[in-house]
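1. Can you look at this prediction? I've put the sequence above it.
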Amino acid sequence: MATDNSLAKATGPISKTGIVLWSSTPPEIYFARKETKQLALLSLAFAFVFLYPILCDSAVTGPGLGAWILRPQLSHFTGIPSDGADRDMFTQLRWVPYYTLTHFHQLPFWNPYKCGGMPMLGNPESAVVTPFLLLYLVFGLIPGMLLEIYLHVAIMFAGCYLFGRELGLVPRAAMVLAAMFPSSSWLSLHIAVGHLNFLSIAYIPWILALLLISCRLRRWHLAILGGLLCGLTLTEGNYGFVFAAMLVAIVAVWYAMVGLSIRPVLVASVIGIFAIAFSLPKLVPTAELLKINPRDWGISYLTWHGILISLFSRDQDLGHPLVASFFFSEYACYLSPPFVLLSLIGTFGYMRKSFPWVLGAIFFFFLYRGDIGPDSPTMLLRQLPLGGNIGLCGRWVIPLFFCLSVLAALGAEVLCERPREWGRRLAGILLVLGVADSWVVCAPNYRYLFQPAMPRPEAFVTFRQYWSAFPVPLTSIAMAGMGSTNCGGVGYTVPRGAVLGYNEQGYRGDYYLLDAGNVTETLWTPNQLSYEVSANEPTSLVINQTMYPGWHLAHGDGLVYPENGLIAVRVPSGRQNIELVYTPHHIIAASVIALFAVTMLIVVWWMEMRSIRKTHSELKTS
């Protein structure tokens, strides 16, 4: 990167307390072109180095470096990680949209392959409304997954650096934030078990940076762009949206207080409003699903002993024994000693700037401890609408670690401000030691993502429901042309009701009439079902899938209703064609609002750029 002296430190409006609020450097020279190129290359290099283990031999287990490091496996580009548990679940959440688009040429609204049928777009853990879906369509399932992970890590690194520079930090201090946040075990462990919905956290530092840049430059299109990225934290996952909203609130309120300005709060409000607008195509069906089938994780908490192990133990391997109410991967977030030292220096050496991040760290720490009493923050959050879906308390360690990463960057800034060269050198040494230590301790977990696939069941030409005694492999069952009716314990699920697999007692077929008559399936796709019905008397056509709001009759004479939890249509006597279609409620209105938000982003950007060009032109002529 550019040296610390290659660019003047970004300084800006100063509050009455002497705190630099945000950079005032003109955008044309805020980043030197060389620095921008170096950041792009370094982001890609960092992602490659830390993700290298993902290509290595997962059969070599255990913490630390092992024989896996010299055994890359190119078979990852052709294999499907349909081994079980969460890896398999998130692979299916990628395979179903990919297959629905490429094979059926339909939008991935419905997932008939899980729980006897459930919403695909409305699944909180799905990632359908995202530009990264294009990677799957262009390169295929596994290459698309690898590229999705790789690019998100690079985006996270670059965003943290940008946010650090916008805080007024020199490049070396900003590099601490960029390297520390994505290098810890919170990321490697979640990816190792397949939690790809955590990748959207990569946008959080970008959102915070755009908040400050919008305040600095007084340009609203940057706030709207921040809303777009905030919307992606929801459409690509779930937890990132909550973390982003809280961090944006902390930053906005703090800068509004110290600067005696309402602008940070207004910018944060614009980010929030447009985040909702951009995410509506996913938010509306997700809210409906959570309302119909709320998910209560129950009580979760951490003891002090569990906290110490989760944060400071050098054994951050995926196979580490439990330290709380769930797997170690849900609570672990390794704090490397060099980074801890930098965080302490930043906390006490730069107290005026560190104050909001210390408060944020304390707040998220109490959330991280979990349900330790009736008045604990997590218990209070459960009183909010849809609050019972918050999940395990260990996941609050992610925004906690982000706050600590900012403090570490401030600590490096304190050292770099020393009048003698030893301060800058010490900051560089601690950065290198922290990154190296984090790689040795945390990065090896990435190799666990791709596990050998479980045996695939016999494939069928026509779709049918299937009962497996073991709830996975969901992906292999779906690729065999079947829907899994036993999906308990693998991500977000819905009750299967009366849906039966063809290998279960009482199975009557994947479509049938309740009374005498004949029915023939003429078309089967995830979102559209067609049948030719011939009945001598009024009867009901029953489809062996879960009834859910959004299924409606597109063609034919009848009435759609739930028959013991299954999709059913009351039909009159005679011969006719019945066509059922699934469309999420309010999806058209939600999409129109999202497109309007995109239009607003383009229009506001064009107007502000036009105003800037006009101002520059007037200055030149004068």
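-> Nice, thanks for sending it over.
2. wait, is Ser329 part of a helix?
-> Yes: according to DSSP: H, G, I helix; E, B strand; the rest coil, the state of Ser329 is that of a helix.
3. what's the spacing between it and Val128?
-> According to Cβ to Cβ, to the nearest Å, Ser329 stands 25 Å off from Val128. In short, each C-beta sits where N, CA and C put it, glycine included.
4. Quick one: classify the residue lying closest to Val581 once chain neighbours are set aside as helix, strand or coil.
-> Sequence neighbours aside, Ala554 is the residue nearest to Val581 in space, at 4.2 Å (criterion: Cβ to Cβ, 6 or more residues apart in numbering). Here Ala554 is recorded as strand under three-state DSSP.
5. for Ala554, what are its contacts?
-> Taking Cβ atoms under 8 Å, 6 or more residues apart in numbering, we find Ala554 in contact with Gln528, Glu579, Leu580, Val581.
6. rerun that using 10 Å as the cut-off
-> For Ala554, the contact set (Cβ atoms under 10 Å, 6 or more residues apart in numbering) comprises Gln528, Leu529, Ser530, Ile578, Glu579, Leu580, Val581, Tyr582, Thr583.
7. OK, contacts around the last one?
-> When contacts are counted by Cβ under 10 Å, 6+ apart, Thr583 is found next to Leu107, Phe109, Trp110, Asn527, Gln528, Gly550, Trp551, His552, Ala554.
8. Distance check, it against Asn527.
-> 8 Å.
9. Common neighbours of the two, please.
-> Common contact partners of Thr583 and Asn527 (Cβ under 10 Å, 6+ apart): Leu107, Phe109, Trp110, Gly550, Trp551.
10. thinking again about what came up before, hmm, which of the contacts of Ala554 are the buried ones?
-> With burial judged by 16 or more other Cβ atoms under 10 Å, the buried subset of those is Gln528, Leu529, Ser530, Ile578, Leu580, Val581, Tyr582, Thr583.
11. Quickly check those for the two that are furthest apart.
-> For those, the farthest-apart pair by Cβ to Cβ is Ile578 and Thr583; their separation is 16.5 Å.
12. Which ones among the buried ones among the contacts of Ala554 map onto strands?
-> Judged by DSSP state E, the buried ones among the contacts of Ala554 include Gln528, Leu529, Ser530, Ile578, Leu580, Val581, Tyr582 as members of strands.
13. so who does the second one touch?
-> Contact analysis of Leu529 by Cβ under 10 Å, 6+ apart lists 112, 463, 510-511, 521-523, 541, 543, 545, 551, 554, 567, 569, 578-582.
14. Could you give the bridge partners of it?
-> Under DSSP bridges, the beta-bridge partners of Leu529 are Trp524, Leu580.
15. distance of it from Pro112?
-> Shown here: Leu529 relative to Pro112, a distance of 9 Å by Cβ to Cβ.
16. what do these two both touch?
-> Common contact partners of Leu529 and Pro112 (Cβ under 10 Å, 6+ apart): Phe463, Asp510, Ile543, Gln545, Tyr582.
17. Excluding residues flanking it in the chain, which one is nearest the second one?
-> Taking Cβ to Cβ, 6+ apart, and ignoring the residues beside it in sequence, Asp510 has Asn544 as its nearest neighbour in space, at 4.3 Å.
18. mind checking the SS state of the one you found?
-> Secondary structure assignment for Asn544 (three-state DSSP): strand.
19. low pLDDT regions in the stretch 201-350 of the chain?
-> Applying pLDDT under 70 to the stretch 201-350 of the chain flags the ranges 297.
20. Spell out the residue ranges of the helices in it.
-> All helices of the stretch 201-350 of the chain, identified by DSSP state H, counting those that start in this stretch, fall at 204-217, 220-235, 239-259, 263-292, 304-312, 337-349.
21. wait, which of these is closest to Ala178?
-> Closest to Ala178 of the helices of the stretch 201-350 of the chain is helix 204-217 (Cβ to Cβ; 8.4 Å).
22. What helices and strands are in contact with the closest one?
-> Counting contacts by 3 or more Cβ pairs under 10 Å, 6 or more residues apart in numbering; DSSP states H and E, helix 204-217 packs against helix 27-30, helix 141-166, helix 220-235, helix 239-259, helix 263-292, helix 397-416.
23. relative to helix 204-217, how tilted is the last one?
-> So that's helix 397-416. Here helix 397-416 runs at an angle of 60 degrees relative to helix 204-217 (axes from the mean of the first three to the mean of the last three Cα atoms, to 10 degrees).
24. Counting by contacts, list what whichever helix or strand comes after helix 397-416 packs against.
-> Using DSSP states H and E, the helix or strand that follows helix 397-416 in sequence is helix 421-442. Using 3+ Cβ pairs under 10 Å, 6+ apart, the elements in contact with helix 421-442 are helix 33-51, helix 171-180, helix 185-192, helix 337-349, helix 397-416.
25. One more pass at 6 Å, please.
-> Using 3 or more Cβ pairs under 6 Å, 6 or more residues apart in numbering; DSSP states H and E, the elements in contact with helix 421-442 are helix 171-180, helix 337-349, helix 397-416.
26. that older thread, which one of the contacts of Thr583 sits in the busiest neighbourhood?
-> When these are compared by neighbour count (other Cβ atoms under 10 Å), Trp110 ends up highest, at 28 neighbours.
27. wait, what's in contact with the nearest residue to it once chain neighbours are set aside?
-> Nearest non-adjacent residue to Trp110, counting by Cβ to Cβ, 6+ apart: Tyr582, 4.5 Å away. Tyr582 sits next to Phe109, Trp110, Asn527, Gly550, Trp551 when contact means Cβ atoms under 6 Å, 6 or more residues apart in numbering.
28. Same check on Leu318?
-> Residues near Leu318 by Cβ under 6 Å, 6+ apart: Ala192, Ser329, Asn445, Tyr448.
29. Let me know the closest of these to Leu177.
-> Of all those, Asn445 has the smallest distance to Leu177: 21.9 Å, by Cβ to Cβ.
30. Looking at Gly140 now. What's its pLDDT?
-> pLDDT recorded at Gly140 is 89.
31. Please apply the same query to Leu384.
-> Listed pLDDT for Leu384 reads 74.
32. Now do the SS call for it.
-> Classification of Leu384 by three-state DSSP places it in coil.
33. Number of residues surrounding it?
-> 9.
34. One more: Gly506?
-> Residues near Gly506, counting by other Cβ under 10 Å, number 6.
35. quick one, phi/psi of it?
-> phi 90, psi 0 (degrees, to the nearest 10).
36. likewise the one 10 residues further on?
-> The phi and psi torsions at Ala516 (degrees, to the nearest 10) take the values phi -60, psi 150.
37. quick one: it and Val435, what's the gap?
-> Distance, Ala516 to Val435, by Cβ to Cβ: 73 Å.
38. So for those two, which sits in the more crowded spot?
-> It is Val435, of Ala516 and Val435, that has more neighbours when counted by other Cβ under 10 Å, with 21 against 9.
39. In contact with the more buried one, which residues?
-> Ala179.
40. repeat that for 10 Å
-> The contact partners of Val435, by Cβ under 10 Å, 6+ apart, come to Phe46, Val49, Phe50, Met175, Val176, Ala179, Met180, Ser183, Ser336, Pro338, Phe339.
41. Would you mind listing which of those are buried?
-> Among the contacts of Val435, those scoring as buried are Phe46, Phe50, Met175, Val176, Ala179, Met180, Ser183, Ser336, Pro338, Phe339 (criterion: 16+ other Cβ under 10 Å).
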